[in-house]
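> Predicted coordinates and the sequence they were generated for:
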Amino acid sequence: MSTAFVGPLDAARGAGWQDPPPRKGFFTDTSLCIGCKACEVACKEWNHVPEDGLSMLGSSYDNTGGLGASTWRHVAFIEQRKPMRTVPMLNGGSGVGLTAAAAASGASDFRWLMSSDVCKHCTQAACLDVCPTGALMRTELGTVVVQDDICNGCGYCVPACPFGVIERRDGDAATVPNGGIAQKCTLCYDRIGDGMLPACAQACPTESIQFGDLDELRERAQRRVGSLHADGVSDARLYGENPNDGIGGAGAFFLLLDEPEVYGLPPDPVVTTRDLPAMWRGAALAGASLLAGAVASFIGQRQ
Amino acid sequence: MGTSFGRGGATTFQQDLQNSDCIVIQGSNMAECHPVGFQWVMEAKARGAKIIHVDPRFTRTSALADLHVPLRAGSDIVFLGAIINHILSTETYFREYVVSYTNAATLVGDDFKDVDELDGLFSGYDPQTGTYDSSSWGYLGVEEAPAVGGNRVRKRTSGDGRSGRGGQPLHEPGHALGGKGAQLEDSLVHRDETLQNPRCIFQILKRHYARYTPDLVQQVCGVAPDVFAQVCNAVTENSGRERTTAFVYSVGWTQHSVGVQYIRGAAIIQLLLGNMGRPGGGIMALRGHASIQGSTDIPTLFDLLPGYLPMPWAGGEKGLRGYLESISRPQQKGFWTAADAYMVSLLKSWFGETATQDNDFGFDWLPRISGDHGTYQTVMDMLDDKVEGYFLLGQNPAVGSSNGKLQRLGMAHLKWLVVRDFNMIESATFWKDGPEIASGELRTQDIATEVFFLPAAAHTEKDGSFTQTQRMLQWHDKAVDPPGDARSELHFFFELGRALRARVAASQQERDLALRNLTWDYPVTSAGEPDAEAVLREVNGSHLSGDKAGQMLSSFTEMKADGSTDGGCWIYTGVFTGGVNQSARRKPGSEQSWVAPEWGWSWPMNRRILYNRASADPAGKPWSERKAYVWWDEQKGRWTGHDVPDFAATKPPSYRPEPGVGGPEGLAGDDPFIMQSDGKGWLYAPSGLLDGPMPAHYEPVESPLRNPLYSQQSNPTRQIYPRQGNLSNPSPPDARSDVFPFVVTTYRLTEHHTAGGMSRWLPYLSELQPEFFCEVSPELARERGLTNGGWATIVSARTAIEARVLVTERIVPLRAGGRVIHQIGLPYHWGVGGAAVVSGDSANDLLGVSLDPNVHIQESKAATCDIQPGRRPHGPALLAFVEEYRRRANVTVDTGNLRVTPREPSS
């Protein structure tokens, strides 16, 4: 159990929910992603997220760039000269495996990774910790949601997020929906409460985005990693699934095929409010010392 | 597909791909263009199947494949032919299947000469007309059916764009044979089931493909022998009794001047390996739009009537009887012998009571075609002021068709143009903001075309059906009202028909009889829309007289030629079985078998895998338990299994017809290709194709390489349009081909839809791919000074266009023909105009028009170009820039337009 300030690992119960339903989350298996971006579009359609810029980035097929106030799903495209498998899949008649053959053809030692990123819905969520208005809330399903009608746009949550996910949406509220206030993925709170899938998971044609009970997803993900390893894809690993990591485990975790940095993810994210209690303790101690000094000086004066 | 197997549709369904042990995706970018169907490829992969992607580019499909094989665009026949050679020379073909179910054993007449004997031409070539007389290709002792009135060979009145050059013969087949097998005089053929006779098709095939070696694959395709060997091994090891391999293709195969023969290549492989008609096997033709299969079934094509019945020709057949005899001969096998019932039912459905036996059911009222009236010919005719008006429905040719400038200049010749679309597409605005306005070639005040823009309702805003890529009809209900004045296509045509009929109501002219006698009485819903279900009922057909009068037909076998039934498209009969709209069925997959026969309805007869009789051995038993699908139940005396048997339900495997019996009764109990005139899958097409009985490699019209196989460089029967507005880049042996040294190919991205009418107006899609770009390898970028994110100018003899540069290792230079071949990729979604959210130069402006002779489809997947860093000249300077290239390359109207390559003196 981590410190009291950043909350317990049982997200919903820790937030005061009595007998909450099982915690919900995403398992995004990037080994199944075909980069179709249906998740990006479905998310925007359902949540009325506005268009986010019309310029080409020259970064493979990614013209979205990253998550932000008006991008709640982002598909990254990574081109790598690296074989997908360390063990050859096909054996050629000449006795040459895929990797060796690839050297001859100059192509198959190449891979194109695609990964749909999203808010991690951290167990220990700094955005929620720092929100002064209570606009950011922990739902009974263990997700982290901005309440648009409470958020005052102070922006404290923005630097608090260790992933750079939450942002204030540019623009005036009169012309831009929810302009000026903090925006991010809600894990489709308005859908999952009614037994529907989140829009992105519903649209995903290859089940790369899987939604469900977090415990079950974690087990499924472990099995998937095992089968990929058995298949020679030794780079496969999970990201954000470990409850003992710096954020208490993510409600939205991933199966990656390379180091997190390759996908633009922090390798060892830590809830940014982790050190606050210690800092407060330090501050309190300093204050007490000052006070004690002052008292002592008064006492000294009287003498 | 029609010529090889008998029907012009995908032979399987996408869900069945999960049963494949190996999937070869070639000429298709399935993950990007058919992402939803691609889940079944992923499912197969999860079950251990090998996924192979053969494509010039490493795409999102390649990213998920086990093996990506980059090849030179336009070289697929060599690749496929070398697989055929591998199968034959290593004897890895499925012998029992080949002998029983294909025409491998059939003998061909002595007159047939192969390309190797005639330096790249098959026997029967006429250099004057650029066409074949295919009579020498026929089976031994079986005459190709003489056409009625001796008119089987049609006059090609067009197709060569030069005026005054009419009178070239044009065979009828084309799209008609996309839909069905060719006719034979009768079913009597000579066979040698030992496959040893040198005139048998098996031996002819063996000789024909002997030169297609792994070395040739390296030389022509740029694929290394060890990589090619992996493909051969994967395909052959995953075929046979226990295992099946599927092929998947899309327009990467069809959009070539020899496109039909690409598909024939796959058909031969799948027949030799015994993969047709079996689960996890077959050839999955992926269609590019929601209802493109539907648009050939109930066609928007000029040379077809519904159900692949051919369009009648002017001065051709004499009357209905003559027309029917041109479709099938009574002595041939198969279900086309009942074409009289299909045609009469169609006429009854169109003309109702007025169609009687005495007036040939109104056959003479039908309009006739007099030549090629395809989309590209029509553009040429516009330029020659032969066309006054044009309807565009869901089509944006200013952006989506090859040689966009020709399209726009053609439309500027029209008197009127009707555009029905969601948005103000470039084809509706070219007269004020098209590229020719900028270059000064057109001036708005000079264009007399009156453009009528009519807003169209989307599929969510109207009832109707789609016929999707696996021949499945799926009904959709209106969810919301269309905005503003937007209306359905059905409403538009219903009202147009009413207006036209009112115009001719008092006419005594014979030409107006078809309109006057048309049944045009669809009920109208409260929203003022014609009832779409009433149309589908009419398409299904019903009994008109007798005990069952008024009842819907449940099968096309109930159709009669005496006028007692009607039906608007015989292959769709059954979609309203029992008076119930079967296409609206949505029983969840979890509540039925994996074949899911109660989801929608597939033609014909709700069959999901075609030719599935071949999933059992000649005795009717499954080839293996693992691949059991349809089999003969001896006890019950009928065929049974997971799907609707594609065979007469109670005909036993042992059935043998009397010699010479034609029609369905002429099919033996082991003739699984029931639409073919001999009941067999065709390794060799004795008739029905305009450019050869077997695929032979020809270079694309624009190619950097010389054809190494023979003197003949390109398809000698391709359709060409030599004119100033449609110049070609030179190709070898013309040395000036080095002015345009790079291969260019065009394609789609997941994020956009074709010419952009449905995506570039939507911010959520536009932001995902906002700008036109070209994909180049780092090597080419270095060679030409191109920088990632910068600009490039791409040039052909037609024009020059500019694109942002995406430098990517997904494009690799290939070593072919003794040199390095660079390929450039261009997505074709953008166009020049002011109305869309995003716009840009159009890739199709770069391409010329030359067509496959069978189906009139343009070669847009392989061409040549030059590329330079930086933006192109704008305004009139653009024209001078392109002219300088033409001068350097010595381009004239004749460049690339000699059908027969001059023979070089032998050294």
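Received it, and whenever you're ready, just let me know what you need.

> For the chain, give me the ranges with low pLDDT.
By default, I'm working from chain A. Scanning chain A for pLDDT under 70 picks out A:1-9, A:86-108, A:300-303.

> look at chain B instead
For chain B, the stretches flagged by pLDDT under 70 are B:142-183, B:185-187, B:317, B:905-907.

> give the contact list for the most centrally placed residue in chain B.
By CA atoms, centre = their mean, chain B has its centre lying nearest to residue B:254, at 5.7 Å. Listed by CB atoms under 8 Å, 6 or more residues apart in numbering or on different chains, the contact partners of residue B:254 are B:27, B:260, B:262, B:263, B:852, B:855, B:857. In this view, the C-beta of every residue, glycine as well, is placed from N, C-alpha and C.

> residues near the first one, how many?
Summarising burial for residue B:27: neighbours were counted as other CB atoms under 10 Å in any protein chain shown, giving 25.

> Can you give me the distance of it to residue B:262?
According to CB to CB, to the nearest Å, residue B:27 and residue B:262 sit 7 Å apart.

> Determine the residues that are contacts of both of the two.
With CB under 8 Å, 6+ apart as the test, residue B:27 and residue B:262 both reach B:76, B:249, B:253, B:254.

> now the contacts of residue B:254 in TSV, with distance to residue B:652 and secondary structure?
Listed next are the contacts of residue B:254 as TSV, based on distance: CB to CB, whole Å; DSSP: H, G, I helix; E, B strand; the rest coil:
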residue	distance to residue B:652	secondary structure
B:27	40	coil
B:260	36	helix
B:262	38	helix
B:263	33	helix
B:852	41	coil
B:855	38	coil
B:857	42	coil
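
> Residue B:224: which of these is nearest?
residue B:27 (20.3 Å; CB to CB).

> Thought residue B:252 was touching that closest one, still the case?
Yes. The pair residue B:27 / residue B:252 is scored as a contact, 3.2 Å apart, by CB atoms under 8 Å.

> what's the overlap in contacts for the two?
Taking CB under 8 Å, 6+ apart as the contact rule, residue B:27 and residue B:252 both touch B:55, B:861.

> ok, residue B:190 - contacts?
Counting by CB under 8 Å, 6+ apart, residue B:190 makes contact with B:106, B:107, B:139, B:140, B:141.

> Let's have those residues in JSON lines, adding secondary structure, neighbour count and distance to residue B:271.
Formatted as JSON lines, these follow (DSSP: H, G, I helix; E, B strand; the rest coil; neighbours: other CB atoms under 10 Å in any protein chain shown; distance: CB to CB, whole Å):
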{"residue": "B:106", "secondary structure": "strand", "neighbour count": "25", "distance to residue B:271": "13"}
{"residue": "B:107", "secondary structure": "strand", "neighbour count": "21", "distance to residue B:271": "18"}
{"residue": "B:139", "secondary structure": "strand", "neighbour count": "25", "distance to residue B:271": "17"}
{"residue": "B:140", "secondary structure": "coil", "neighbour count": "18", "distance to residue B:271": "20"}
{"residue": "B:141", "secondary structure": "coil", "neighbour count": "12", "distance to residue B:271": "23"}
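
> possible to save those residues as JSON lines with distance to chain A?
Formatted as JSON lines, those follow (distance: CB to the nearest CB, whole Å):
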{"residue": "B:106", "distance to chain A": "32"}
{"residue": "B:107", "distance to chain A": "34"}
{"residue": "B:139", "distance to chain A": "36"}
{"residue": "B:140", "distance to chain A": "37"}
{"residue": "B:141", "distance to chain A": "41"}
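
> now the strands: where do they sit in chain A?
Counting by DSSP state E, chain A has strands at residues A:24-29, A:73-80, A:111-118, A:136-138, A:144-146, A:167-168, A:182-183, A:209-213, A:237-239, A:252-256.

> Can I get these in CSV including distance to chain B and mean neighbour count?
As requested, those are exported to CSV (distance: least, CB to the nearest CB, whole Å; neighbours: other CB atoms under 10 Å in any protein chain shown):
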stretch, distance to chain B, mean neighbour count
strand A:24-29, 11, 27
strand A:73-80, 6, 21
strand A:111-118, 4, 24
strand A:136-138, 26, 21
strand A:144-146, 21, 24
strand A:167-168, 17, 19
strand A:182-183, 16, 26
strand A:209-213, 13, 20
strand A:237-239, 19, 19
strand A:252-256, 14, 24
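
> Distance to residue B:86 added to those, as TSV?
TSV is the format used below for the strands of chain A (distance: least, CB to CB, whole Å):
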stretch	distance to residue B:86
strand A:24-29	37
strand A:73-80	32
strand A:111-118	28
strand A:136-138	62
strand A:144-146	58
strand A:167-168	57
strand A:182-183	58
strand A:209-213	41
strand A:237-239	40
strand A:252-256	38
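
> Which two of the contacts of residue B:254 have the greatest separation?
Longest span within these, CB to CB: B:27 and B:855, 14.7 Å.

> Could you list the buried residues of the helix or strand hosting residue B:323?
Using DSSP states H and E, residue B:323 maps to helix B:319-327. For helix B:319-327, a neighbour-count test (16 or more other CB atoms under 10 Å in any protein chain shown) marks B:320, B:322, B:323, B:324, B:325, B:326, B:327 as buried.

> near chain A too, which of the residues you listed?
Applying CB under 8 Å from any CB of the partner chain to the buried residues of helix B:319-327, one finds that nothing falls near chain A.

> Kindly indicate which of these lies nearest chain A.
Distance to chain A, by CB to the nearest CB, is smallest for residue B:327 among these, at 41.2 Å.

> Need the nearest residue in space to the closest one, chain neighbours excluded.
residue B:339 (4.4 Å; CB to CB, 6 or more residues apart in numbering or on different chains).

> Am I right that residue B:452 is in a strand?
Yes. Under DSSP: H, G, I helix; E, B strand; the rest coil, residue B:452 falls within a strand.

> How about it: what's its closest non-neighbour residue?
Residue B:452 sits nearest to residue B:418 (CB to CB, 6+ apart), 4.8 Å away.

> My reading is that the one you found lies in a strand. Confirm?
Yes. The assignment for residue B:418 is a strand, going by three-state DSSP.

> tally of neighbours for it?
18.

> Which residues of the stretch 151-300 of chain A lie near chain B?
Checking the stretch 151-300 of chain A against chain B by CB under 8 Å from any CB, the hits are A:205, A:206, A:207.

> Those into a markdown table, with extra columns for neighbour count?
Listed next are these as a markdown table, based on neighbours: other CB atoms under 10 Å in any protein chain shown:
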| residue | neighbour count |
| --- | --- |
| A:205 | 19 |
| A:206 | 22 |
| A:207 | 15 |
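
> Need the nearest residue in space to residue 239, chain neighbours excluded.
You didn't say which chain, so I picked chain A. Using CB to CB, 6+ apart, the nearest residue to residue A:239 is residue A:254, at 4.5 Å.

> sorry, should have said chain B
Looking at residue B:239 with CB to CB, 6+ apart, the closest residue is residue B:273, at 3.7 Å.

> right, and residue B:525 touches residue B:494 too?
No. Using CB under 8 Å, residue B:525 makes no contact with residue B:494, being 11.5 Å away.

> So between these two, which is more surrounded?
Taking other CB under 10 Å, residue B:525 and residue B:494 do not tie; residue B:494 has more neighbours (18 against 14).
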